[in-house]
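A.B. asks: any chance you can model this:
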Amino acid sequence: MSLNIEAIIADIKVATVLELNDLVKAIEEEFGVTAAAPVAAAGAVAAAEEEQTEFNVELTSAGDSKIKVIKVVREATGLGLKEAKALVDGAPGVIKEAVSKEDAEALKAQLEEVGASVTVK
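C.D. replies: Model (predicted):
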């Protein structure tokens, strides 16, 4: 059996909206699929992006005052000197993950004050 795709497309072009709706329902029932699932998933992704409540603070560059940046990173993260230095030397890298917008902006301001380049994602 060979499908005549051109004939199927021609039939779909002349079908009414009600006929196309019945066709979709029949296909859903026959094959156990849902035509609306991808649309709902895309809407959920868009809603998740709009309602971001947790942010990551990423150090992109330590700047000229690396020692001051290390001190701020130590205070913010509670890391030891060696770990904080490794984090600053390894820039770009995430300093804090899943923090509130207010905390992320405050940390960004502290780091930029001492000469670091920071992004909040």
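
A.B. asks: and after the helix or strand of the chain with the lowest mean pLDDT, which helix or strand comes next?
C.D. replies: When the helices and strands of the chain are compared on mean pLDDT, DSSP states H and E, helix 37-50 comes out lowest with a mean of 56. The C-terminal neighbour of helix 37-50 among helices and strands, as given by DSSP states H and E, is strand 55-61.

A.B. asks: what helices and strands are in contact with that next one?
C.D. replies: Other helices and strands packing on strand 55-61, by 3 or more C-beta pairs under 8 Å, 6 or more residues apart in numbering; DSSP states H and E, are strand 93-99, helix 101-113, strand 117-120. In short, each C-beta sits where N, CA and C put it, glycine included.

A.B. asks: buried ones in that strand?
C.D. replies: Counting neighbours by 16 or more other C-beta atoms under 10 Å, one finds that the buried residues in strand 55-61 are Phe55, Val57, Glu58, Leu59.

A.B. asks: quick check: angle from it to strand 93-99?
C.D. replies: Angle of strand 55-61 versus strand 93-99, following axes from the mean of the first three to the mean of the last three C-alpha atoms, to 10 degrees, is 170 degrees.

A.B. asks: which helices and strands does the next helix or strand after strand 55-61 pack with?
C.D. replies: Proceeding C-terminally, strand 55-61 gives way to helix 66-77 as the next helix or strand, assigned by DSSP H and E. Identification of packing neighbours for helix 66-77 by 3+ C-beta pairs under 8 Å, 6+ apart yields helix 81-89, strand 93-99, helix 101-113.

A.B. asks: ok, how many other residues are close to Ala86?
C.D. replies: Neighbouring residues of Ala86 were enumerated by other C-beta atoms under 10 Å; the total is 13.

A.B. asks: need the contact list for Glu105.
C.D. replies: Listed by C-beta atoms under 8 Å, 6 or more residues apart in numbering, the contact set of Glu105 reads Val120.

A.B. asks: where does stretch 55-74 sit relative to the chain's centre, distance-wise?
C.D. replies: Going by C-alpha atoms, centre = their mean, to the nearest Å, the spacing between the C-alpha centre of stretch 55-74 and its chain's C-alpha centre is 24 Å.
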